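S.K.: Dropping a prediction and its sequence here:
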Amino acid sequence: MEIRNVAARTNKAVTLVQRRLTASVHSGQHIDAFEAVEGGTDRVCRGSSVSDDDNSYYVVHGGSTAGSLEACKNACVDTPGCRGVEFRPGRCEVWTRVGGIQAAAVTTGPVCLRYVPFVLAEGKLDRACRGGSVSDNNPAFYEIMSASSLEVDLQKTDYHMQTLNNTFLAVLVEEAAQCYLSLTGNRVFLRAAFPWKACQDLCLGFSGCWGIEFSGTRCEIWTRQPLAPFVQLDGSDRACRGRDDSDIEPSFYSSHPALSMEACKSLCAQSPLCQGIEFSSTDCKIWTRASGIQATAPLPGAVCLRSGTAGVPDAFLKVDGGIDRACRGQSASDWSPSYFTYFSAAQAPTLDDCKARCLADIACKGIDFSANGCNVWNRAVTTSISFTGSTCLSYEPFVGIDGGERRGCFGDPPYQIATLTFAASEIADRCKLVGGGLDRACGGMGPTDAWPSYYTLTSSESLSLASCKTLCVSTVSCRGIQYSAGSCQVWTRRGGIQASQDQSGSLCLRLGSWDTWEDASSFISMEGTCGGQGLIERFHGHEMASSLQECEIRCASIPGCRGAVFGAAGCRTWHGSGKVEASAEPGTTCHSFEPFRDVDGGVGRACRGATLTDLQDSYYSKSSASSLEDCQDQCARLSETTGTCKGISFDTASGACRLWTRPSGIEATATASTWVCQRYEPFVPLDGGRNRACRGQHSQDTSALNLVTVAAKFGPETSEQALKPLVL
């Protein structure tokens, strides 16, 4: 670069320097958000010159982060203020120097890349930023930074001094058209009137910045729309794929012909569902597959770029990279022993154990884990400090189904989790790489148990994963979600999401932790005391019910009982027509009695015997009912007098009520749009139920006369679902 026509005006401590470029460099297209510094290969990164290297300029990562260049890039993307990376196998330097990487030195082996995560809107210059439309320019979307506020504190290495007509000038190493320099001792403060780079640096250092609008003396820091940097996958001549190199479906992407690379990136940036792009000279594919781009396949002339970093949608999010970080509250100094509960290394020997401690604590906001133990934070974790050997994760109440980032092996059926040994030929079928719910479709009791009554479906072309999660947490009794591009299933099944099955492009997430014991009882716990419109409260003294177990048994034995509360005053039960609801009463728990369970989803199903065609008049008694609840009460009364009612089949159109008394109960269902099929299962846990074995008259009474052993059946083996694949 040559500097000509340098004019200087001295006004006390202010000096004006004008520089004009007499040459320009035409570089090739930027493939992803990282550009090579002086060729990139066999280069180590430096500050303002080849000798400017300081440990404070970067953060060193090892382990899996240093396992590949892509992983190192992802660490940069996840680090606020990242300016680039220096990578060699086993070592990843994430550069955060304010002035960025301005030089490189020759050394065999390393790669030096500068991070430039900006994409031209619509792929063009001379464009002003807008929100949802060309007229959407709400001032709340951005902060304005004027030239006078773009002031950067420079070290001596960032500039050099020269004289012109006996006047000192500060000449910046970085390019700038007009620079106002305030000289104070050995330090220089820069205010640039054409600070394109300074505007970008402000964005990179500004929390929540998703883009910039720049025009000479004005820099707008936009916080409305997300800017997702692009990271190239597997080099050139690669086409994007789903979970493996053969997983490609038209639903994974939309195709746009004859666009430039920048225009293709811009289309992706404008789409809230975009996961990345596949670009060639003839085609631009905008990928919206919910599970993202997980693999590539050879294709001459194509390049595959992921938008943002690859991540497993999980409840635990890495804070500042997670590895070698210790959690803090609102700032780096915000720490107190009162913020967390400590578990020793013996109590939480692994990261998974530490996560489990968090899941069991309703107040958990994050975890610190190290060889010394586990801290379960009850205060929001928003930042962290460097601490070797520690891992800091924040917690959001969604967890992946069927494992995390590891392989999970399951028995038959899949919800019976066990450590099993299989023949080598079976391993491929039993153990699959499942990424915290990625490429999984949700199931109830088994992987194919996914009846429409289990969830509410919402569809929209712009529906994002975050919106789907919001729908869940705002829905009473939400147990989790199944998400694919533009489609959200909010699961409210009573037993929750207990299994999943392989389905490319889908994501299955459970809300919070799940315990199989929670679904065993007919009583559902709700915080507060019982109540409800039309319900009558009855009191039972200690002589009639001296414990919660006896109180629940008493409720279960009275037809029409809707719930029970046990406290110091004794047992209270609620009866009548209507659904029990909980109202605030500190220290009280309402136990709602719900003994009827849907069979094969319940709604739109008519009860059958051994198979879907097995229906005989002797299996049930006919009646009429004013409502489903009335039909249920008739079954409960019949069971109390004869012990024979096994369930109900109710026609919502005609009011027909069938009280099933078949000795083997209801084993199958058939499609019937206006019918509801439910089993009557008034189970009450004895002595807490959990980890208890049943006995007769006393704890040693295991007489064979007390029981009948039958083979258990799992899943809808005899329903229509077993005869044809379930389409989700």
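M.R.: On my side now, so go ahead.
S.K.: contacts, neighbours, all on C-alpha from now
M.R.: Noted.
S.K.: Just the buried residues of stretch 678-687, please?
M.R.: 678-685 (16 or more other Cα atoms under 10 Å).
S.K.: same check, this time on stretch 273-286
M.R.: In stretch 273-286, counting by 16+ other Cα under 10 Å, buried: 273-280, 283-286.
S.K.: which residues touch it?
M.R.: The contact list for stretch 273-286, computed with Cα atoms under 8 Å, 6 or more residues apart in numbering, reads 230, 239-240, 253-261, 264-265, 267-268, 287-290, 292-293, 301-308, 462-464, 485.
S.K.: One more: stretch 681-691?
M.R.: Residues outside stretch 681-691 that contact it (Cα under 8 Å, 6+ apart): 517, 520-523, 549, 552-553, 556, 594-597, 646, 692.
S.K.: pull the CA atoms of it into PDB?
M.R.: What follows is stretch 681-691, C-alpha atoms only, in PDB (Å, rounded to 0.1, in the frame of the first residue of the first chain):
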ATOM      1  CA  GLU A 681     -57.000 -49.200  36.600                       C
ATOM      2  CA  PRO A 682     -57.500 -47.900  40.200                       C
ATOM      3  CA  PHE A 683     -54.000 -48.700  41.400                       C
ATOM      4  CA  VAL A 684     -52.800 -47.100  44.700                       C
ATOM      5  CA  PRO A 685     -49.100 -47.500  45.600                       C
ATOM      6  CA  LEU A 686     -48.600 -49.400  48.900                       C
ATOM      7  CA  ASP A 687     -45.900 -48.100  51.300                       C
ATOM      8  CA  GLY A 688     -44.900 -45.700  48.600                       C
ATOM      9  CA  GLY A 689     -44.900 -48.300  45.900                       C
ATOM     10  CA  ARG A 690     -41.300 -47.600  44.800                       C
ATOM     11  CA  ASN A 691     -38.900 -50.400  45.400                       C
END
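S.K.: Stretch 440-452 spans what distance, first to last residue?
M.R.: This stretch, stretch 440-452, spans 17 Å end to end (Cα to Cα, to the nearest Å).
S.K.: begin at 391 from here
M.R.: Renumbered: residue one is now 391, and that last one reads stretch 830-842.
S.K.: What average pLDDT does it get?
M.R.: Stretch 830-842 shows a mean pLDDT of 86.
S.K.: How far does it sit from its chain's centre?
M.R.: 20 Å (Cα atoms, centre = their mean, to the nearest Å).
S.K.: what does stretch 997-1005 give?
M.R.: Counting by Cα atoms, centre = their mean, stretch 997-1005 comes out at 41 Å from the chain centroid.
S.K.: and that stretch, which residues are buried?
M.R.: Quick answer for stretch 997-1005 (16+ other Cα under 10 Å): 997-999, 1001-1002.
S.K.: Please identify which of those residues is nearest to residue 426.
M.R.: Nearest to residue 426, judged by Cα to Cα, of the buried residues of stretch 997-1005 is residue 1002 at 65.9 Å.
S.K.: Narrow the contacts of stretch 663-676 to those in helices?
M.R.: Counting by DSSP state H, the contacts of stretch 663-676 place 651, 654-655, 657-658 in helices.
S.K.: Top of these by number of neighbours, please.
M.R.: Counting neighbours by other Cα atoms under 10 Å, residue 655 leads the ones in helices among the contacts of stretch 663-676 with 31 neighbours.
S.K.: What residues are bridge-paired with residue 482?
M.R.: Residue 482 forms beta bridges with residue 451, residue 477, as assigned by DSSP bridges.
S.K.: Spit out the contact partners of it.
M.R.: Neighbour list for residue 482: 450-452, 455-456, 462, 475-476 [criterion: Cα under 8 Å, 6+ apart].
S.K.: Most neighbours of all these, which one?
M.R.: Result: residue 475 is most packed of the contacts of residue 482 (other Cα under 10 Å), 30 neighbours.
S.K.: so is that one in a helix, a strand, or just coil?
M.R.: The three-state label given to residue 475 by DSSP: H, G, I helix; E, B strand; the rest coil is strand.
S.K.: mind checking pLDDT for it?
M.R.: On pLDDT, residue 475 comes in at 96.
S.K.: Excluding chain neighbours, what is closest to it?
M.R.: residue 484 (4.8 Å; Cα to Cα, 6 or more residues apart in numbering).
S.K.: again, but for residue 706
M.R.: residue 785 (4.7 Å).
S.K.: picking that back up, which two of the buried residues of stretch 997-1005 have the greatest separation?
M.R.: Between any two of those, the greatest separation by Cα to Cα is 9.7 Å, found for 997 and 1001.
S.K.: Quick check: neighbours shared by those two?
M.R.: 1057-1059.
S.K.: Mind listing what's buried along stretch 937-950?
M.R.: 938-946, 949-950.
S.K.: If you could redo that for stretch 1025-1039, that was the one I meant.
M.R.: 1025-1029, 1034-1039.
S.K.: now swap in stretch 765-780 and tell me
M.R.: In stretch 765-780, counting by 16+ other Cα under 10 Å, buried: 765-776, 780.
S.K.: Can you flag which of these belong to strands?
M.R.: Mapping those onto strands (DSSP state E) picks out 765-767, 773-776, 780.
S.K.: Let me have those in JSON lines, extended by distance to residue 858 and pLDDT.
M.R.: Output for those, formatted as JSON lines (distance: Cα to Cα, whole Å; pLDDT from 0 to 100):
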{"residue": "765", "distance to residue 858": "30", "pLDDT": "95"}
{"residue": "766", "distance to residue 858": "27", "pLDDT": "95"}
{"residue": "767", "distance to residue 858": "26", "pLDDT": "94"}
{"residue": "773", "distance to residue 858": "26", "pLDDT": "89"}
{"residue": "774", "distance to residue 858": "29", "pLDDT": "91"}
{"residue": "775", "distance to residue 858": "32", "pLDDT": "92"}
{"residue": "776", "distance to residue 858": "34", "pLDDT": "90"}
{"residue": "780", "distance to residue 858": "32", "pLDDT": "93"}
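S.K.: and the two most separated of the contacts of stretch 1071-1081?
M.R.: Counting by Cα to Cα, the most remote pair of the contacts of stretch 1071-1081 is 1036 and 1082, 25.1 Å apart.
S.K.: so where do the strands sit in the stretch 541-690 of the chain?
M.R.: For the stretch 541-690 of the chain, strands defined by DSSP state E, counting those that start in this stretch occupy the ranges 541-544, 549-554, 557-562, 568-574, 577-582, 601-605, 608-612, 620-631, 643-647, 666-669, 673-677, 685-697.
S.K.: Who are the packing partners of the last one?
M.R.: Just to be clear, that refers to strand 685-697. Counting contacts by 3 or more Cα pairs under 8 Å, 6 or more residues apart in numbering; DSSP states H and E, strand 685-697 packs against strand 620-631, strand 666-669.
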